[in-house]
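1. Need coordinates for the below:
(one chain, ligands or ions: 2)
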Amino acid sequence: MKKVLVTGGTGLVGNALKTIVNEDSLEGEWIFVGTKDADLTDSNSTRALFDRVQPTHVVHLAAMVGGLFHNMNNNLDFLRKNLQINDNVLQNAYEHGCVKVISCLSTCIFPDKTSYPIDETMVHNGPPHPSNYGYSYSKRLIDVQNHAYHDKHGCMFTSVIPCNIFGPHDNFKQEVSHVIPGMINRMHQLIDENKGLPEDRKEFVVYGTGKPLRQFIYSLDLAKLIIWALVNYESVEPLILSVDEENEVTIFEAAEAVAKAFDFKGKLICDTSKADGQYKKTASNRKLRSLLPNFQFTAFEDAVKTSVKWYIENIDNVRK
Ligand code: NAP
Ligand code: GFB
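-> Ligands and ions are numbered 1, 2, ... in the order given. Okay, the predicted model is just below:
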């Protein structure tokens with residue numbers, strides 16, 4: 001019987017996986033772990049976790065994760081912590097004879113100077129954007145590690161490359177969050193703290209120019225794709241898990257979707273003193289579509305609406 005260890009099981013993607021696993025009552029035993037179960041930057045703690053769980057499969061999500069501003073100021077930490085976590089998890093997966101490991105990269109790790117759309121062959125074709133080189137190189141090395149374990153020991157260690165993810169159980173903490181949870185948190189606060197102000201007098205600040213382009217995948221859609229890949233994807237080469245290129249939106253359009261979800265009628269103004277980060281990282285999901293042609297992604301506005309609703313309903317227990 002399959003025993004799937006989900007590292008990073010207490011985060012945005014981990015909780016989405018847990019929701020889908022429970023909803024679809026998937027076969028096998030699924031164990032979702034976070035730092036309190038084992039600090040994966042520590043080799044002894046990681047070994048003790050694998051000794052205890054004895055997994056047959058690993059979905060490796062655990063990482064130091066954050067948005068643009070958190071990355072910009074902490075490249076060394078992102079590099080070191082994620083290198084430690086990844087080496088401990090992959091080496092223990094090998095030593096414990098795991099049948100398969102699926103790790104998570106990100107579309108933000110591709111070369112900054114590149115042609116578009118980006119595809120899976122381009123991971124190592126040049127330096128990443130300077131804002132997140134620490135995270136990017138630690139993630140790129142997972143691909144190198146996967147090939148090394150496969151070449152030496154025949155391990156089926158592979159990776160998926162999601163675009164920007166959002167959804168319930170996201171990290172809404174201002175200083176570390178990604179753009180959508182960051183805007184949800186700030187807009188809720190603006191509305192909450194200005195109840196007496198006429199709606200059209202309220203001004204919400206969108207950081208940066210609002211012009212950068214992003215593809216956003218709803219966490220529950222990603223979870224379904226990861227589960228599909230765990231069962232059906234048998235290649236060491238990475239697989240991009242992203243919405244279609246034409247579903248790319250500007251940051252300003254993402255802000256408008258958050259405003260619509262809150263029924264916010266005030267103004268959206270851009271604070272261009274704040275960094276924009278990468279202008280675009282448009283990724284092709286052609287390879288995914290060739291394997292899974294009929295997958296239906298949740299419409300962006302509907303996913304934002306569901307995420308805002310979840311945030312409001314869980315406000316007392318969210319990471320913020
Ligand atoms: P998240 O919500 O920040 O969750 C991170 C998870 O990793 C948590 O379960 C956390 O445990 C765990 N973790 C962090 N440091 C750990 C440590 N030292 N030891 C053990 N566990 C540790 O992150 P996420 O957004 O779900 O990201 C999941 C994966 O998707 C990551 O590999 C990330 O790089 C990738 N990804 C994310 C995005 C995005 O937009 N969010 C986009 C592309 C790829 P605690 O709960 O105990 O802290
Ligand atoms: O999700 P985000 O922080 O990271 O998005 P990236 C940053 C973009 O959103 C910038 C604008 O253009 C910001 O100026 N923005 C507007 C905001 N309002 C906000 C806000 O309230 N919070 C945040 N955070 N941004 C990350 C990588 O890039 O993508 C990570 O740095 C990671 O390594 C992640 O891979 C998926 O999409 O720019």
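
2. Now do the contacts for the residue of the stretch 201-320 of the chain found nearest ligand 2.
-> Of all residues in the stretch 201-320 of the chain, the one sitting closest to ligand 2 is G208 (2.7 Å; Cβ to the nearest ligand atom). (C-beta placed from N, C-alpha, C; glycine too.) G208 sits next to I251, C270, D271, T272, K274, A275, D276, G277 when contact means Cβ atoms under 8 Å, 6 or more residues apart in numbering.

3. now A275
-> L68, F69, M72, S131, Y207, G208.

4. Same check on N285?
-> So N285 contacts I240, L241, S242, V243, D244, E245 (Cβ under 8 Å, 6+ apart).

5. Could you count how many residues lie near S45?
-> Burial of S45 is recorded as 14 neighbouring residues (other Cβ atoms under 10 Å).

6. where's it, which helix or strand?
-> Per DSSP states H and E, S45 falls inside helix 43-53.

7. which strands and helices sit next to that helix?
-> Packing partners of helix 43-53 (3 or more Cβ pairs under 8 Å, 6 or more residues apart in numbering; DSSP states H and E): strand 3-7, strand 29-33, helix 75-95.

8. which one of these is the most hemmed in?
-> Most buried of these, by mean neighbour count (mean count of other Cβ atoms under 10 Å): strand 3-7, with a mean of 25.

9. what's the angle from the longest strand seen in the chain to helix 75-95?
-> Criterion DSSP state E: the longest strand present in the chain is strand 156-162. Angle, strand 156-162 to helix 75-95, by axes from the mean of the first three to the mean of the last three Cα atoms, to 10 degrees: 140 degrees.

10. Just checking: what are the partner strands of the following helix or strand past strand 156-162?
-> Of the helices and strands lying after strand 156-162 in sequence (DSSP H and E), the nearest is strand 164-166. When pairing is defined by DSSP bridges, strand 164-166 lines up against strand 216-218 (parallel).
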